[in-house]
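[1] how would this look folded up:
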Amino acid sequence: QEQLVESGGGLVQAGGSLRLSCAASGRTFSSYAMGWFRQAPGKEREFITGISWNGGRTYYAGSVKGRFTISRDNAKNTVFLQMNSLKPEDTAVYYCAADRAWNGLVFGTSQDYWGQGTQVTVSS
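    Predicted structure coming up:
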């Protein structure tokens, strides 16, 4: 059974850093585009960053550009999100997602696979 499992969330002070991981299992995701979404209370889910299957293409939403970095290790079937200079407005549940197509990940409304989410809380 294919599965994405996020980890690394937690409580951090503003200005701090966290590193999220998304471990994939059940199949190899090395050919999939992967990314991170987040959803804050009372807000719609937001696509914040994605990485192509070989890491050659990345995308960052304006809200996180320059502060967050996405990377992947296909040998370990894992995607990472390094979050620096965190702000209280970054508080949300962060979800990992995978799609066989880059456009599907970035523009699609129903990505192929989703994780269960990990909570990130940034205190002021």
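[2] the strands in the protein, which residues?
    Applying DSSP state E to the chain gives strands spanning 3-7, 10-13, 18-25, 33-39, 46-51, 58-60, 68-73, 78-83, 92-99, 113-114, 118-123.
[3] so can I have TSV of those showing mean pLDDT?
    Converted to TSV, the strands of the chain look like this (pLDDT from 0 to 100):
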stretch	mean pLDDT
strand 3-7	96
strand 10-13	98
strand 18-25	96
strand 33-39	97
strand 46-51	97
strand 58-60	97
strand 68-73	98
strand 78-83	98
strand 92-99	97
strand 113-114	96
strand 118-123	98
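[4] Rebuild those as CSV, extending it with mean neighbour count and distance to Phe107.
    C-beta: built from backbone N, CA, C; applies to glycine. Below are the strands of the chain laid out as CSV (neighbours: other Cβ atoms under 10 Å; distance: least, Cβ to Cβ, whole Å):
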stretch, mean neighbour count, distance to Phe107
strand 3-7, 17, 20
strand 10-13, 13, 31
strand 18-25, 19, 20
strand 33-39, 23, 11
strand 46-51, 21, 9
strand 58-60, 15, 10
strand 68-73, 18, 17
strand 78-83, 22, 19
strand 92-99, 23, 10
strand 113-114, 16, 16
strand 118-123, 17, 24
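[5] would you list the ones you listed in JSON lines and tack on distance to Val106?
    Shown next, in JSON lines, are those (distance: least, Cβ to Cβ, whole Å):
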{"stretch": "strand 3-7", "distance to Val106": "17"}
{"stretch": "strand 10-13", "distance to Val106": "27"}
{"stretch": "strand 18-25", "distance to Val106": "17"}
{"stretch": "strand 33-39", "distance to Val106": "7"}
{"stretch": "strand 46-51", "distance to Val106": "6"}
{"stretch": "strand 58-60", "distance to Val106": "6"}
{"stretch": "strand 68-73", "distance to Val106": "12"}
{"stretch": "strand 78-83", "distance to Val106": "15"}
{"stretch": "strand 92-99", "distance to Val106": "9"}
{"stretch": "strand 113-114", "distance to Val106": "15"}
{"stretch": "strand 118-123", "distance to Val106": "21"}
